[in-house]
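>>> structure, please.
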Amino acid sequence: MTRLSKITMTMTILSIGCIAESNSDMTAAEEVVVMQDIDKVISEAYAENISSPSGSRASSIPSLYLGMGYAFMKKYNKDQQNKVVGHGVTAKIGYEIKDVVSIEGRYGQTMGDIRAHNKNNTWQLTNMALYLKPQYQVDTITLYALLGYGKSEFDDGTVHNEAGFQWGFGADFQMADHLSLFIDYINMYSNQGFDTINKSQDIYLHNVNMGFTRTF
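Just a heads-up that it's a prediction; the model follows:
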């Protein structure tokens, strides 16, 4: 039985009781007490309905969300101890299936020059991926993992790319209704060589992101 049905039933029962009492020797003071009791029951039931999960975040599931922010991207050659770093943007779109899991698509790329071999270069790093996003909410903070498949590209005049399993983790900090701040880390690539580059050497490609998420 829904809360609304319970409210209606309660009002009916009390009304019948009130009518029955009015046919007896009910005083004016007693009538006031009965009406106050009715008002109290309705108020409590209404308050319970408003504060119930049906009016909370859970009722909005499934839900769509969009996000955008800053991305720091790095390609690192462990053997040669050199790195390629760049600053850029990240964008995401996700669908929250349940309060504990979402599906999320990501795209990130460097903007402007990136730094390599102690100088600026007109190169570019990009990444596009689809993740399963298990998550756990604690008060206004949601902790999550990112597990999925993605494709990374490194353009140094020749486009090199690798695709495969990617993983990451992060946190959402609720700031207002439907708005949160996210910070996360993603390991986009970790293996020997990157396409045709440094085939026998350990190459790592990862990024750190920070931005805002809007839930609809």
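>>> remind me which helix or strand Trp167 belongs to.
Under the criterion of DSSP states H and E, Trp167 resides in strand 159-176.
>>> after that strand, next one along is what?
For strand 159-176, the following helix or strand on the C-terminal side (DSSP H and E) is strand 179-194.
>>> that following strand vs strand 159-176, what angle?
For strand 179-194 against strand 159-176, the angle by axes from the mean of the first three to the mean of the last three Cα atoms, to 10 degrees is 160 degrees.
>>> in the helix or strand following strand 179-194, what's buried?
Per DSSP H and E, strand 179-194 leads on to strand 197-215 as the next helix or strand towards the C-terminus. Of the residues in strand 197-215, those with enough neighbours to count as buried (16 or more other Cβ atoms under 10 Å) are 203-209, 211, 213, 215. Backbone N, C-alpha and C define where each C-beta goes, glycine included.
>>> which elements pack onto strand 197-215?
Where contact means 3 or more Cβ pairs under 8 Å, 6 or more residues apart in numbering; DSSP states H and E, strand 197-215 is packed against strand 63-77, strand 82-98, strand 124-138, strand 141-155, strand 159-176, strand 179-194.
>>> what's the angle between it and strand 63-77?
Relative orientation of strand 197-215 and strand 63-77, computed by the same axes, to 10 degrees: 160 degrees.
>>> so what are the sheet partners of strand 197-215 and their directions?
Based on DSSP bridges, the strands next to strand 197-215 in the sheet, each with its direction, are strand 63-77 (antiparallel), strand 179-194 (antiparallel).
>>> ok, the closest residue to Val85 other than its chain neighbours - contacts?
Excluding the flanking residues, the one nearest Val85 by Cβ to Cβ, 6 or more residues apart in numbering is Lys74, at 4.8 Å. When contacts are counted by Cβ atoms under 8 Å, 6 or more residues apart in numbering, Lys74 touches 83-86, 204-207.
>>> same question for Leu181.
Under the contact definition (Cβ under 8 Å, 6+ apart), the residues listed for Leu181 are 172-173, 175, 210-213.
>>> among these, which pair sits farthest apart?
Spanning the widest gap among the contacts of Leu181 are Met175 and Met210, at 13.1 Å by Cβ to Cβ.
>>> quick one: the residue nearest to Leu64 when sequence neighbours are not counted from Gly67, how far?
Leaving out its chain neighbours, the residue that sits closest to Leu64 by Cβ to Cβ, 6+ apart is Phe216, at 4.8 Å. For Phe216, the distance to Gly67 under the criterion Cβ to Cβ, to the nearest Å works out to 12 Å.
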